[in-house]
Every structure is written in C-alpha cells, then in structure tokens.
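[1] Return atomic coordinates for the entry below.
(one chain, ligands or ions: 2)
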Amino acid sequence: MQLSRIAKLRTVLQENGLEALLVTNAFNRFYLTGFSGSAGYVLITGSKAYLLVDFRYTTQAAEQAAQFEIVEHAVKPMDTVKELLSGLGIRRIGFEQQDVTYGGYISYREQLGSIELVATDSLVENLRMVKDEQEIAVMQEAADLADRTFSHILGFIKPGVSERELAVELEMFMRRHGATSTSFETIVASGERSALPHGKASDRVLKWNEFVKFDFGALYKGYCSDITRTVVLGQPTEQHKKIYDIVREAQSYALEHIKPGMTGIEADALARGVIAKYGYADHFGHGLGHGLGLEIHEAPRLSKTGETVLAPGMMVTVEPGIYIPGFGGVRIEDDVVITEQGLRILTHSSKDLIVIN
Ligand code: ZN
Ligand code: ZN
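    Ligands and ions are numbered 1, 2, ... in the order given. Just a heads-up that it's a prediction; the model follows:
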C-alpha cells in the first residue's frame, strides 16, 4: 500500500517540477510510511525514499516502514538531509508550506545552504483525500465503534446526570473497545446548550423535556470517526419535533443527491436549500460537512467555499443543523464515502427522533 502512495507522490513531484520533497507533517509521514512514531522526516526523490528518525525510533521505523531506507539523523536533522541530497546531486527541494513555521523555514535555509527550498501546498494531503480500500475498511470499523458507543450511551441518559458524566462514559466505552482516544473533544450539549453548535460537555445537569446532542468519534488505528445524534429526554414539544424533522429531511436529501463530479459548494447547497425552504436559513451557520481520515477535519470541505470536486473514495461527513438560541438545536451527522453512483453511509445509528422516558 505504501509503495503505491510513494509512486503517486513521485508522479505529483514530476508534475510540479520537483526532484525531491521533504515531508515534515506528522499525518503525511504516517500516511506515506506507516511509521507511527512521534518524530521523523520523510525525504522522497525520484529514486529514493528515506525515513529519517532519531535514535529512539530506528528499530520501530525499520519494522513499520519496510519500503523506506531508515537513516538515523544528525542532531540537526537538516545536516543529514543536506548530505543525502548532495550525494544524489539534488539542488532544489520542496517543503510543506502549511506545516513549516517561519522560524523552521529560516533554520532549514541556514542549514541547507545552497540547496533551494520550494514551497509546496498540500501535495500529500491531496493524495490523502481519496481513501484506498484498506483505509475505508479501517474507517468503517471506526464508524462501527461510534455506532456501538451511541447505543451504549442511550442507557445512561436520564434527568440529573451531567453532560460531563455522559461524555466520560462514552469515552471510556470507546477506549475499552479499541479506540486510541477520542477523535476530538466530545460534545454533549443539553437543553438550551444544544443551540451551541460546538458545546463541549459541561457540568450542566440534564432535565426533562429537552434536547441532548451528542457529537463524538473514535480515533481507531490512526483513523477518525465522527457522528452526531440528537435525542429528546422526556416529551418532545411541537417545536422539538418540527426542527428535528427539518434537519432530518435536509440530511436525507443531501445523502440521496450527493454524487461524484459535484463540488463541495453544490453538496452544501442541497441541505441548505431544504433548511431555507422552511425559513431556518439563518440558523444553519456552518458548512454541511468536512473530509475526515487521519485528521478529524481535512479536505474536501462541503461548504460555501468548498470548490473541490467530489470523487469516489473521498470520505466526508454530512451534518446539517438548526440552532435556536435560548431553545436548543439539532444536528444529524453521518460519515460517508463517495462512490461511483453516489455515496455509501458508514454510520448506521437510527435517525428517527429518539425519545427517552
Ligand atoms: Zn461531529
Ligand atoms: Zn463533523
């Protein structure tokens, strides 16, 4: 798998007129090498693939990154990069502009001397957008774990329990069932707090007859899942039911109509149109979704600025919401993979309005 990723990256380098790329981003490093250590540099040239690590990681790197030549780097890693490049006669190298700080750039320039540094933008990230079969399989497992966690937490929702206790319970469940950690800070937002799109779990205690919104995910074998479900504790009012139904309709409509060849802007507009039809356009203030994979938020974006054209293998969330300050809010979020025909949904928790009595 790593071999084909290196081959694809080499083609990208050729297209960009680059003989070599220095990869410093940790997610990109893992993606290209399979090496899960916390530090290291990847150097890809037309003929060579090096993984530079410090003393702590030489053994682990050799085990995990079999396709790479493992090099223990000098105290100043760029000294080793310079040496390797000089040996290959390479005078010009791409670096990842989104990852290197200004200070890092200055010191790379000093240490690399006459080797020219060329800023590149998202070369590996663009490859990462389209998931391969192996990645999709792992992400399905991460999504399954999120579904099981949601079923588990339903049994703990009752008046008097705090949002924080629910968050701890669901996080423990995910850890116990194979998650490395959560994929982001767990959101449990109840009552009027459910109107906060990103209401992190607080000490607020649940009461009868209000929304409880859960947005959480597992980091599992390096990959993220991300699911949102909103339930009602006690008796839903007409307004609870009304806004829930609109969000559900908007989400279903988007799921039925998103197709490859469409831009993120067009996908976003599908759900936005449904919500606007009912007069709630001003209450849906975020994008429809985001790419996810090694990172919880990655390309492509389904939003008013998401110009990327959707293609089979891209993994995105579809998560419309309506938020009414002082009352509450609803979001429904699934993880989906774009297919030749449309999309396939990875998260399967029920989207009927769940009422807990
Ligand atoms: Zn989410
Ligand atoms: Zn999300």
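
[2] drop to CA atoms for contacts and neighbour counts, all remaining ones
    Fine.

[3] now the helices for this protein?
    For the chain, the helices defined by DSSP state H cover 2-15, 26-33, 58-64, 77-88, 102-112, 123-129, 133-154, 163-176, 238-257, 264-277.

[4] Near ligand 1, which residues of the stretch 101-250 of the chain? Just list them.
    215, 226 (Cα under 5 Å from the ion).

[5] Now tabulate the helices of the chain in JSON lines and tack on distance to Val232, mean neighbour count and mean pLDDT.
    Rendered in JSON lines, the data for those read as follows (distance: least, Cα to Cα, whole Å; neighbours: other Cα atoms under 10 Å; pLDDT from 0 to 100):
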{"stretch": "helix 2-15", "distance to Val232": "45", "mean neighbour count": "15", "mean pLDDT": "93"}
{"stretch": "helix 26-33", "distance to Val232": "38", "mean neighbour count": "21", "mean pLDDT": "97"}
{"stretch": "helix 58-64", "distance to Val232": "46", "mean neighbour count": "16", "mean pLDDT": "96"}
{"stretch": "helix 77-88", "distance to Val232": "55", "mean neighbour count": "16", "mean pLDDT": "96"}
{"stretch": "helix 102-112", "distance to Val232": "49", "mean neighbour count": "14", "mean pLDDT": "95"}
{"stretch": "helix 123-129", "distance to Val232": "36", "mean neighbour count": "19", "mean pLDDT": "97"}
{"stretch": "helix 133-154", "distance to Val232": "11", "mean neighbour count": "20", "mean pLDDT": "98"}
{"stretch": "helix 163-176", "distance to Val232": "14", "mean neighbour count": "19", "mean pLDDT": "98"}
{"stretch": "helix 238-257", "distance to Val232": "8", "mean neighbour count": "18", "mean pLDDT": "98"}
{"stretch": "helix 264-277", "distance to Val232": "21", "mean neighbour count": "21", "mean pLDDT": "98"}
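
[6] Out of those helices, flag the one nearest Lys304.
    Ranking the helices of the chain by proximity to Lys304 (Cα to Cα) places helix 264-277 first, at 5.0 Å.

[7] If you compare the directions of the closest one and helix 238-257, what angle comes out?
    150 degrees (axes from the mean of the first three to the mean of the last three Cα atoms, to 10 degrees).

[8] Now tell me what touches helix 264-277 from outside.
    246-247, 249-251, 253-254, 257-258, 281, 284, 287-289, 300-310, 320 (Cα atoms under 8 Å, 6 or more residues apart in numbering).

[9] and stretch 332-341, C-alpha only, in PDB?
    Presented in PDB, the C-alpha positions along stretch 332-341 are these (Å, rounded to 0.1, in the frame of the first residue of the first chain):
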ATOM      1  CA  ILE A 332     -27.500  14.900  12.500                       C
ATOM      2  CA  GLU A 333     -24.200  13.700  11.200                       C
ATOM      3  CA  ASP A 334     -23.000  10.700   9.300                       C
ATOM      4  CA  ASP A 335     -19.700   9.600   7.800                       C
ATOM      5  CA  VAL A 336     -19.900   8.700   4.200                       C
ATOM      6  CA  VAL A 337     -17.600   7.600   1.400                       C
ATOM      7  CA  ILE A 338     -18.300   8.900  -2.100                       C
ATOM      8  CA  THR A 339     -18.800   6.000  -4.600                       C
ATOM      9  CA  GLU A 340     -19.200   5.800  -8.400                       C
ATOM     10  CA  GLN A 341     -23.000   6.100  -8.000                       C
END
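
[10] Tell me how far that stretch lies from the chain's centre.
    14 Å (Cα atoms, centre = their mean, to the nearest Å).

[11] Also stretch 348-357?
    25 Å.

[12] any idea how this structure splits into domains?
    2-127, 133-356 (automatic domain parsing).

[13] Go through stretch 320-336 and flag the buried ones.
    Buried residues in stretch 320-336, counted by 16 or more other Cα atoms under 10 Å: 320-324, 328-336.

[14] Quick one: residues contacting Glu171.
    Here Glu171 is in contact with 181-182, 186 (Cα under 8 Å, 6+ apart).

[15] go again using 6 Å as the cut-off
    Counting by Cα atoms under 6 Å, 6 or more residues apart in numbering, Glu171 touches no other residue.

[16] How much space separates it from Ile227?
    13 Å (Cα to Cα, to the nearest Å).

[17] swap in Ser252?
    From Ser252 over to Ile227 (counting by Cα to Cα), the distance is 15 Å.

[18] and if you look at Glu83?
    47 Å.

[19] How about Lys241?
    Taking Cα to Cα, one finds Lys241 at 20 Å from Ile227.

[20] Show me what stretch 23-40 is in contact with.
    Contact partners of stretch 23-40, identified using Cα under 6 Å, 6+ apart, comprise 2, 41-42, 52-53, 61, 64-65, 99.

[21] What about ligand 1: which of those residues touch it?
    Okay, of those, nothing touches ligand 1 (Cα under 5 Å from the ion).

[22] which of those residues lies closest to ligand 1?
    The shortest gap between ligand 1 and any of the contacts of stretch 23-40 belongs to Asp99, at 24.5 Å (Cα to the ion).
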